[in-house]
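Enquirer: from the sequence below, what's the structure:
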Amino acid sequence: MQRPLGITILAIFAFVLAVLCLVMAAGVFMGVAGLIGLFTNLAGSNGPLAGLAGALGIGMLLVAVLYAALGFGLWKLHKWGRILCLIVVALGLLSSVAGLFSALAPVSAVLLVRALVVIAIDLWIITYLLKPHVQQAFGVQKGI
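Expert: Below you'll find the model as predicted:
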């Protein structure tokens, strides 16, 4: 079966996110490491900042690998790619709902709108991935 357009868009989006995460990881490794070197020379100690920067960079690399795998799984219409997408989007939805509750303070109207938009997009993606023609494209007969 031919790949649905929505799956193509989600796969490309996942690949773009993977590249952005790689760029951010490189920025963390190069930029933050340079700042830590500067502060080390000024203060005489690198403290916990070096470990924090390394952990952040490695975390971004892992997220990049996750998004690359997600994009590949969706692009090739692997069943695991659809399930991985459902998991990633569901986790994003939970994060957005938590952000919604933290955005209810009177001064954070922008965060409230952002959280509502992200929640709507996440719900749309989950609904789309559960549609029968999308499930059929991944070779799923019934269910998840």
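Enquirer: only C-alpha atoms from now on, for both contacts and neighbour counts.
Expert: Fine.
Enquirer: so how far is the lengthiest helix in the chain off the chain centroid?
Expert: Among the segments of the chain that qualify as a helix by DSSP state H, the longest is helix 49-75. Offset of helix 49-75 from its chain centre (Cα atoms, centre = their mean, to the nearest Å): 9 Å.
Enquirer: what do you get for stretch 134-144?
Expert: That offset, for stretch 134-144, works out to 24 Å (Cα atoms, centre = their mean).
Enquirer: in that stretch, which residues are buried?
Expert: Across stretch 134-144, burial judged by 16 or more other Cα atoms under 10 Å covers 134-135, 137-138.
Enquirer: what about the protein, any weak spots by pLDDT?
Expert: For the chain, applying pLDDT under 70 flags the ranges 1, 33-50, 102-108, 143-144.
Enquirer: quick one: name whatever helix or strand follows the helix or strand containing A90.
Expert: Assigned by DSSP states H and E, A90 falls within helix 79-102. Per DSSP H and E, the first helix or strand lying C-terminal to helix 79-102 is helix 109-129.
Enquirer: from the buried residues of stretch 134-144, which is closest to L70?
Expert: F138 (13.7 Å; Cα to Cα).
Enquirer: please name the residues that touch the closest one.
Expert: By Cα atoms under 8 Å, 6 or more residues apart in numbering, the residues touching F138 are 77-79, 82.
Enquirer: got it, and L70?
Expert: 11, 14, 81, 84-85.
Enquirer: buried subset of those residues?
Expert: Buried subset of the contacts of L70 (neighbour count, 16+ other Cα under 10 Å): 11, 14, 81, 84-85.
Enquirer: can you tell me which of the buried residues of stretch 134-144 is nearest L66?
Expert: Taking Cα to Cα as the measure, L66 lies nearest F138 of those, at 19.3 Å.
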